[in-house]
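Student: model this:
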Amino acid sequence: MQAPAVGLVANPASGKDIRRVTARASVFDNQEKTAMVRRCLIGVRAMSDVPIRYLPDASRLVEAALDELGFDAEPLDIVPTRGAVDTTRAACALRGATVVITLGGDGTNRAFAKGWLDAPLIPLSTGTNNAFPMMREATTAGAAAGVLASGDVPIEAVAGRSKVIHVEIQDQPRDIALIDAVLTKERFVGARSLEDPARFVAAMLTRADPAGVGMTSVGGFVHPLSAREDAVLKLEFEPGSSRVVHAALAPGRFERIGLAQIAAIPLGESMCLTGPGVLALDGERERVLRKGQHALLTAHRDGPWVIDVSKVLRHASGCGRRA
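Tutor: Sure thing, here's the model as predicted:
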């Protein structure tokens, strides 16, 4: 078992995809991400002196914050490639850390979970579709991480386990999604974001929220489903259907989407998808299915422990920590 430590992973590429052009979505530039990292570090150090370990990146997000503050932290032995694999490798290297703060969107956290499925996370939103990470002030997120790393609060008392869609693809490596898995009629990966609702075939969602953005919004307008419910939502699409949902498919972009079938199914019950097409995982088209090739989707509650920052800090307040 590793000594107590706080992990920090900031994705310089999050919040910068094509949807910034097509939908005029907000941009989290690297200056703002560095400012968030700085506030995270200040929060951690206000509550704890435990080691901080971080993923180095080509944009030097964390290093710039450390230089400004004069704080010490340990970089992971990873050469950055500017790809999602960096985050997955960081997750593997951080296994055993008390808590990890991630700055990114759904894709960043999915990449982390691929390296450490049951990681204790404080996911801060800096992405495009942000169903998994939270909008939270970085200072208090860092403070909560410091409290947890000091060992005063058991993770189980202040965190909930996430649902994960496990994807088994015939003759291909397995994969996962934290929020949604969608089969489209596309034949190539191309631009990774989901763009044309007329090409949607079917989807599985771990949560459905009409106030969200992306596929979770689509599901939320027909059958809301919370992250706490032990079920997933299964959707089948049909362009021209009389059952149409008007949902926010991306920031600043509403679409009318035809639905054929909607059903909530319990965790552990599978859904089979058949190619040809492209399987999009957490909003990004990544896996190509050949004609007749099958993908089996099954959701379980075996994913990351997502920390409730407010619960942690209420506990610290009750204990009079560092008063």
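Student: beta partners for Val306?
Tutor: Listed by DSSP bridges, the beta-bridge partners for Val306 are Leu121, Gly160.
Student: Please enumerate the strands of the stretch 1-150 of the chain.
Tutor: Taking DSSP state E, counting those that start in this stretch as the test, the strands found in the stretch 1-150 of the chain are 6-10, 52-54, 74-75, 99-104, 120-125.
Student: Same question for the fourth one: list its buried residues.
Tutor: By neighbour count with 16 or more other Cβ atoms under 10 Å, strand 99-104 contains the buried residues 99-104. C-beta coordinates here come from the backbone N, C-alpha and C atoms, glycine included.
Student: re earlier: Arg89: which of the strands of the stretch 1-150 of the chain is closest?
Tutor: strand 6-10 (10.2 Å; Cβ to Cβ).
Student: partners of the closest one in the sheet?
Tutor: strand 52-54 (parallel), strand 99-104 (parallel).
Student: Take those strands and lay them out in TSV including mean pLDDT.
Tutor: Formatted as TSV, the strands paired with strand 6-10 follow (pLDDT from 0 to 100):
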stretch	mean pLDDT
strand 52-54	97
strand 99-104	96
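Student: Can you lay out those strands as JSON lines showing distance to Ala227?
Tutor: Listed next are the strands paired with strand 6-10 as JSON lines, based on distance: least, Cβ to Cβ, whole Å:
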{"stretch": "strand 52-54", "distance to Ala227": "27"}
{"stretch": "strand 99-104", "distance to Ala227": "17"}
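Student: nearest to Val245, of the buried residues of strand 99-104?
Tutor: Gly104 (27.8 Å).
Student: and that closest one, what does it touch?
Tutor: 9-11, 14, 87, 123-124, 126-127, 133 (Cβ atoms under 8 Å, 6 or more residues apart in numbering).
Student: Out of those residues, which comes closest to Ile155?
Tutor: Nearest member of the contacts of Gly104 to Ile155, counting by Cβ to Cβ, is Pro123, at 14.6 Å.
Student: Does that closest one touch Phe132 like I think?
Tutor: Yes. Between Pro123 and Phe132 there is a contact under Cβ atoms under 8 Å: 6.0 Å.
Student: Now name the helix or strand holding Cys272.
Tutor: strand 270-274 (DSSP states H and E).
Student: Report the rounded mean pLDDT for that strand.
Tutor: Averaged across strand 270-274, pLDDT comes to 97.
Student: looking at the strands of the stretch 1-150 of the chain, which is closest to Gly151?
Tutor: Comparing the strands of the stretch 1-150 of the chain by Cβ to Cβ, strand 99-104 comes nearest, at 11.0 Å.
Student: what about dumping the CA coordinates of the closest one to CSV?
Tutor: Extracted C-alpha coordinates of strand 99-104, given in CSV (Å, rounded to 0.1, in the frame of the first residue of the first chain):
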residue,chain,number,x,y,z
VAL,A,99,-7.3,10.9,-4.0
VAL,A,100,-6.8,12.3,-7.5
ILE,A,101,-8.0,15.6,-8.9
THR,A,102,-8.6,15.6,-12.6
LEU,A,103,-9.2,18.7,-14.8
GLY,A,104,-11.0,17.7,-18.0
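Student: quick check: angle from it to strand 120-125?
Tutor: With axes from the mean of the first three to the mean of the last three Cα atoms, to 10 degrees defining the directions, strand 99-104 sits at 20 degrees from strand 120-125.
Student: how far out from the middle of the chain is strand 99-104?
Tutor: 10 Å (Cα atoms, centre = their mean, to the nearest Å).
Student: Kindly report the same for stretch 150-158.
Tutor: That offset, for stretch 150-158, works out to 22 Å (Cα atoms, centre = their mean).
Student: So what would you say the end-to-end distance of that stretch is?
Tutor: With Cα to Cα, to the nearest Å as the measure, the first residue of stretch 150-158 is 14 Å from its last.
Student: Same question for that stretch: list its buried residues.
Tutor: 150, 153, 158.
Student: OK, contacts around the first one?
Tutor: Taking Cβ under 8 Å, 6+ apart as the criterion, Ser150 is in contact with 4, 47-48, 50.
Student: Just the buried ones from the residues you listed?
Tutor: 4, 47-48, 50.
Student: any idea which of these is closest to Met204?
Tutor: Pro4 (36.7 Å).
Student: pLDDT weak spots in this protein?
Tutor: 1-2, 14-28, 128-129, 188-193, 318-323 (pLDDT under 70).
Student: what do you get if the cut-off is 80, keeping everything else the same?
Tutor: 1-3, 13-29, 82, 127-130, 187-195, 317-323 (pLDDT under 80).
Student: Identify the single longest helix in it, thanks.
Tutor: Ranked by residue count, the top helix of the chain under DSSP state H comes out as helix 30-47.
Student: looking at it, Leu307 is touching Gly146, isn't it?
Tutor: Not quite, residue 307 is Ile, not Leu. No. Checked against Cβ under 8 Å, the pair Ile307 and Gly146 is beyond contact range at 11.9 Å.
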